[in-house]
Each structure stands twice: as C-alpha cells, then as structure tokens.
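Novice: Here's my sequence, what's the structure:
(2 chains)
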Amino acid sequence: MDSQVIEARRPWSAVVPAGHSLSIEDLEGNQAVDCLLYNAADTAERYSAPDTLVGQGSIFLTTGSVLRTSEARPLMTIVADDVGRHDTIGGACSKESNTLRYGHHTHHQHACVENFLAEGARWGLGKRDLVSNINWFMNVPVESDGTLGIVDGLSAPGYAVTMRAEIDTLVLISNCPQVNNPCNGFDPTPVRVTIAPGA
Amino acid sequence: MTNSGLTRGGTDTTHGARDHARAQAGGRAEAMPVVPASAWPNPPPGVAADDLVWAQTVPGGGYASKVLARGTTLRLTDVAGDACAHLLVFNADQPWERLNVADTVKIPWQAYLGAGHPLLSDQGRVLATLVTDTGGAHDALCGTSPAARNAERYGDGAAGGPTPSGRALFAVAGAKHGLGPRDLPPSVSFFKGVRVGGDGGSLEYHGSVGRGEHVELRAELGLVVLIANVPHPIDPREEYACSALDVLAWRGSPTTPEDPLWSSSPELERALMNTADYVDARGV
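Specialist: Down below sits the predicted model:
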C-alpha cells in the first residue's frame, strides 16, 4: 500500500496498475480534486466524460460508475464512495476561464490547468491531451431549465472515493486551487491518495 | 493482352479511360458539395448567392469540414427531420485551441445550447456564437459515438462502413487538417434534444427537433470546422437512422460591441473582449 498526501494547490500523478485500487480521501472536507485518466500503454486513448455519461445514462459519478475512454473502453470502476455524487461536466479551472467567470483581476491566480500542464509534461503529455475531466468531491447540479453551477459540496472530512483500475491507468490530479467559488469551501486543503493491490 | 471480359465503355486504354471519366461530369447526387457555393439553388432570405462560401448536403453517416474566416455565418439545417450534426471547432491559427464543452456549459451557467450561447475555447475566448436556433433542443453532454459502441449496436463503426461512428468520422476529417486523435475533444451536437432528469441526473433523450429546423453559428475567430452527421449516441432506435444535413456558410462580420449579444451576459462580454484582444494583438 502506497499512501501520499497531496498538499493544497499541488498536482500529483501515478500509474495505477490493472487490478489495483486508487482511493482519494478528502481530509478536511469540500476539496475538489480535478482528475484526468489515460490508458498508460497509449495516452492518446484517454478519459472521456461524454462516453462515461452515455455508458451509465446519468451525469453524476458514484459507486458503480465505469470511467471510460473515448473508445468506450473501461479505464476504472468506482467501487466505494462516501459522497454519492461527483462531477464530470464542469471541467477544470484555468487562468483564462477565471477571467470570464470572475474578471481579469483573477488571471494570475493558480488554476488546475496549470497543474495539469506541469504534471502532464512529466509523462510527455501536453495541451492537446487535456479534455473534460472528473471533479472528485465537486457538486454541480443541473436545474430543469438547464441552469448549472458549482455549489456547496456534499463531502466532509474523511470522506473518500475508491476506484479499481481495469487497465494500467495513468492518473493525473490537480488538487484544486480555486478560491472564487465554493468547490473548495473557498479554502484549498490537502487530500490523501492511496494505491493498493486488489480492490 | 486483352481482358475483354471485364472491359466496358472502352476503358482498356488511357485515352478511353480518360474519356469515360470525363463523361461523368455534371452528375448529381442527393448529397454533395455545390462548387462554387454561389450556385446553391436557394440561398436563405437576405443572403446574396455571391456571399455563400460553403454549400454542401451531407448524407446521414457522412462528414464534412472547412476552414472558415472570422465573421462567417454557418447554417446547419436538418432537411428531413432526422439529422444529427456533431460539431468540433478549432482556432484555425492554432488548432491546439479548440472547443471546450466544459467551459461552454459552465461559463454561461447553462447546460443546454440555445440562441445566444457561445462555443468557448480552452483559452477564455469565443470560437463561435450560436446566433439563431429554430430547433430549441440540442446536446453538449453526450459527445459523439465511438467506433466500438457502433460495432456493438449496429455491427460496424468504421468510417468507411455502413454505420460509421462520429468519432471515426472526426478522426478522418481531422486528419485532413493535420489533426490526430489527441486533437479531438468532446463535441456538441445539434437537432437531437437531451435533457437532464430531475431524479438525480439521468440523461433523457427527447429526439428530433423537427424537419427543416436550423441553427446559425457566427465564427468569432478563423475556424477549422469538422461536422459528422451520425445518430446521436443515446438515440434508442435499433436501426442506424440519420437523414441529410444541409451546410451553408456566408461572409459576414464577427460580433461587435454594438450588437446586443455582446453584453447579453458579463461572462460572454468578457469572452468576446478576450477574443477581440487576441485578434488585435495577432493582427488577423
């Protein structure tokens, strides 16, 4: 078992071998964890939010959700979840999108896309490899008129989500640094990741 | 040596084969590009035939692509009521800047595409604005169909096969612009409505918006446009059903601050400002 704390605002990455599990624990509560997945053997095949949603017929991720590639192949399956609802339509924060959502004064704040680019480069990944991601512990409801937004989280200190790798999966994480919306309770905090054999 | 058993129409010589090929000119197909575009028989009201820059009917299971100048209006029409236009757009100057469906729904605080909705890039800019929408129900959540899923549902998903997947068609269309699989992000689609149910987020398929409905997109940057006309990925019908799509584009101007659309929301206004800022600095 290999356990690590990802400090607030920082990226992390690892290959989770097929059959192993990855747990992410929200240590202090309401901490969004932005996450991208890649087939470790061929990173051109990567997580696809639409194919994951189509595969399960609903927009929220929880126990039983199969996280699929753009070729519909299972990368990972969620096997345990204390929260009941994680997002995969809201995407990652970026300096550029912050200027749209909050104004140009937020441009120089740190953002998840910065983490993805810096950490992804260690694996030969670049901007072309960033697609719609998973937001663990983030709550994005859609109203009947289509209004959607990031609202207060449903997570709490010690809540965790666990997934089993179906194939060797490269996991890229940004422990979200956003301070302009409630996704991190306006205060980014650490999370713990644990890779373990079996699931 | 002769091969009289197979020859027809005198194609056993280069000159004969050339005559045979040239005799085919002037043929018509139900789905085809019209070149020049100004020869399109019925331009939309208010659009001069000479302003048309793209006129093409795309069959069900077909694809099309074009590079469009900033300011161009692109109209997609569901001719017979069973088209599904899957769309990807890229900044033609730097195709690593491309449609970001997450920002496209998150920034406007709206999951459903409709008139006034921007198609946003990953760089805080507007690639295109949806300026007209007579259909009223589209989709930005389900993406397009992967080949493996079409193979499972219809028996085949390859680009050249009888039931092509959207992803396979995008791969071929993108390749013609130097784009590979890594360059293909999640896409949007028009003319088949998808809604999120109130029961914890189920995806509901609402089907066709109807015969003859259309959408118009205004290019706010020079664009590489990829279109795949294939069944929606959650279309429940067993058969591969998809009818023809008309694609028209004509010269025009990008959105300006005088247009009510510019300041229709603070998020869109800043996105259009970012776009103008890029264009000014880039000198395009």
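Novice: How about residue 47: what's its closest non-neighbour residue?
Specialist: Let's take chain A. Distance criterion Cβ to Cβ, 6 or more residues apart in numbering or on different chains; nearest residue to A:Tyr47, sequence neighbours excluded, is A:Leu37 at 4.0 Å. Any C-beta I mention is one placed from the backbone N, CA and C, and that applies to glycine too.
Novice: wrong one, chain B
Specialist: The shortest distance from B:Val47 to any non-neighbouring residue, by Cβ to Cβ, 6+ apart, is to B:Trp250 (5.1 Å).
Novice: and if you look at B:Gly124?
Specialist: A:Glu96 (3.2 Å).
Novice: show me the contacts for the spatially most central residue of chain B.
Specialist: Taking Cα atoms, centre = their mean, the centroid of chain B lies closest to B:Ile227, which sits 2.9 Å from it. When contacts are counted by Cβ atoms under 8 Å, 6 or more residues apart in numbering or on different chains, B:Ile227 touches B:58, B:63-65, B:76, B:85-87, B:173, B:245, B:247.
Novice: now those residues in CSV, with neighbour count, secondary structure and distance to chain A?
Specialist: Output for the contacts of B:Ile227, formatted as CSV (neighbours: other Cβ atoms under 10 Å in any protein chain shown; DSSP: H, G, I helix; E, B strand; the rest coil; distance: Cβ to the nearest Cβ, whole Å):
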residue, neighbour count, secondary structure, distance to chain A
B:Val58, 23, strand, 21
B:Tyr63, 24, strand, 17
B:Ala64, 21, strand, 21
B:Ser65, 20, strand, 18
B:Leu76, 23, strand, 20
B:Ala85, 26, strand, 16
B:His86, 28, strand, 11
B:Leu87, 22, strand, 13
B:Ala173, 22, helix, 15
B:Leu245, 30, strand, 20
B:Val247, 21, strand, 23
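Novice: quick one: which two of these are the most distant?
Specialist: Farthest pair in the contacts of B:Ile227 (Cβ to Cβ) is B:Leu76 and B:Ala173. Separation: 15.0 Å.
Novice: Surely the residue nearest to A:Tyr47 is in contact with A:Val171?
Specialist: Yes - contact status for A:Leu37 versus A:Val171: in contact at 5.9 Å, counting by Cβ atoms under 8 Å.
Novice: Of those two, which one has the most company?
Specialist: Neighbour count, other Cβ atoms under 10 Å in any protein chain shown: between A:Leu37 and A:Val171, A:Leu37 has more, with 28 against 24.
Novice: mind checking how far the more buried one is from chain B?
Specialist: Distance of A:Leu37 to chain B, computed by Cβ to the nearest Cβ, to the nearest Å: 14 Å.
Novice: repeat for A:Gln4
Specialist: Using Cβ to the nearest Cβ, A:Gln4 is found at 27 Å from chain B.
Novice: Look up the closest residue to that residue, ignoring the ones flanking it.
Specialist: A:Val193 (5.5 Å).
Novice: Per-residue pLDDT of residue 141, please?
Specialist: With no chain named, the answer covers chain A. Note for A:Pro141: predicted pLDDT of 95.
Novice: Chain B is the one I meant
Specialist: 98.
Novice: Over to B:Gly200?
Specialist: 76.
Novice: average pLDDT for stretch B:40-48?
Specialist: Rounded mean pLDDT across stretch B:40-48 is 97.
Novice: what's in contact with the helix or strand encompassing the residue nearest to B:Gly124?
Specialist: Assigned by DSSP states H and E, A:Glu96 belongs to helix A:95-101. Applying Cβ under 8 Å, 6+ apart, the contact partners of helix A:95-101 are A:91, A:106-109, A:111, A:113-114, A:180-181, B:103, B:106-107, B:120, B:122-125, B:267, B:270-271, B:274.
Novice: Among these, name the buried ones.
Specialist: With burial judged by 16 or more other Cβ atoms under 10 Å in any protein chain shown, the buried subset of the contacts of helix A:95-101 is A:91, A:106, A:111, A:113-114, A:181, B:103, B:106-107, B:120, B:122-125, B:267, B:270-271, B:274.
Novice: Now intersect the residues you listed with the strands, please.
Specialist: Assigned to strands by DSSP state E, the following of the buried ones among the contacts of helix A:95-101 qualify: B:Leu120.
Novice: Let me know how buried B:Val67 is, in neighbour terms.
Specialist: 13.
Novice: Please name the residues that touch it.
Specialist: B:92, B:177, B:222-225.
Novice: one more time with 7 Å
Specialist: Applying Cβ atoms under 7 Å, 6 or more residues apart in numbering or on different chains to B:Val67 gives the contacts B:92, B:224.
Novice: Any idea what it is bridged to?
Specialist: B:Val67 has these beta-bridge partners by DSSP bridges: B:Val224.
Novice: so how far is B:Asp139 from it?
Specialist: In this view, B:Val67 and B:Asp139 are 25 Å apart by Cβ to Cβ, to the nearest Å.
Novice: do A:Cys93 as well
Specialist: As defined by Cβ to Cβ, A:Cys93 lies at a distance of 24 Å from B:Asp139.
Novice: out of the two, which sits in the busier spot?
Specialist: The residue with more neighbours, out of A:Cys93 and B:Asp139, is A:Cys93; 32 against 29, by other Cβ under 10 Å.
Novice: Against B:Asn100, how distant is that one?
Specialist: Taken as Cβ to Cβ, the span from A:Cys93 to B:Asn100 is 12 Å.
Novice: try B:Ala55
Specialist: In terms of Cβ to Cβ, B:Ala55 sits 29 Å off from B:Asn100.
Novice: the more surrounded of these two?
Specialist: Between B:Ala55 and B:Asn100, counting by other Cβ under 10 Å, B:Asn100 is the more crowded of the two (27 against 22).
Novice: Who are the contact partners of the closest residue to the more buried one other than its chain neighbours?
Specialist: Spatial nearest neighbour of B:Asn100, excluding adjacent residues (Cβ to Cβ, 6+ apart): B:Asp122 at 4.3 Å. Shown in contact with B:Asp122 (Cβ under 7 Å, 6+ apart): A:94, B:97-98, B:100, B:103.
Novice: Could you export stretch A:48-64 as CSV, CA atoms only?
Specialist: What follows is stretch A:48-64, C-alpha atoms only, in CSV (Å, rounded to 0.1, in the frame of the first residue of the first chain):
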residue,chain,number,x,y,z
SER,A,48,-14.0,10.7,-22.0
ALA,A,49,-16.6,12.4,-19.9
PRO,A,50,-19.3,12.0,-22.6
ASP,A,51,-18.6,8.3,-23.1
THR,A,52,-18.7,7.8,-19.4
LEU,A,53,-22.1,9.6,-19.1
VAL,A,54,-23.5,7.8,-22.1
GLY,A,55,-22.4,4.5,-20.7
GLN,A,56,-24.2,5.0,-17.4
GLY,A,57,-27.1,7.2,-18.6
SER,A,58,-26.7,9.9,-15.9
ILE,A,59,-24.5,12.8,-15.2
PHE,A,60,-23.2,12.0,-11.7
LEU,A,61,-20.3,9.7,-10.8
THR,A,62,-20.6,7.4,-7.8
THR,A,63,-20.2,3.7,-6.9
GLY,A,64,-20.7,1.5,-10.0
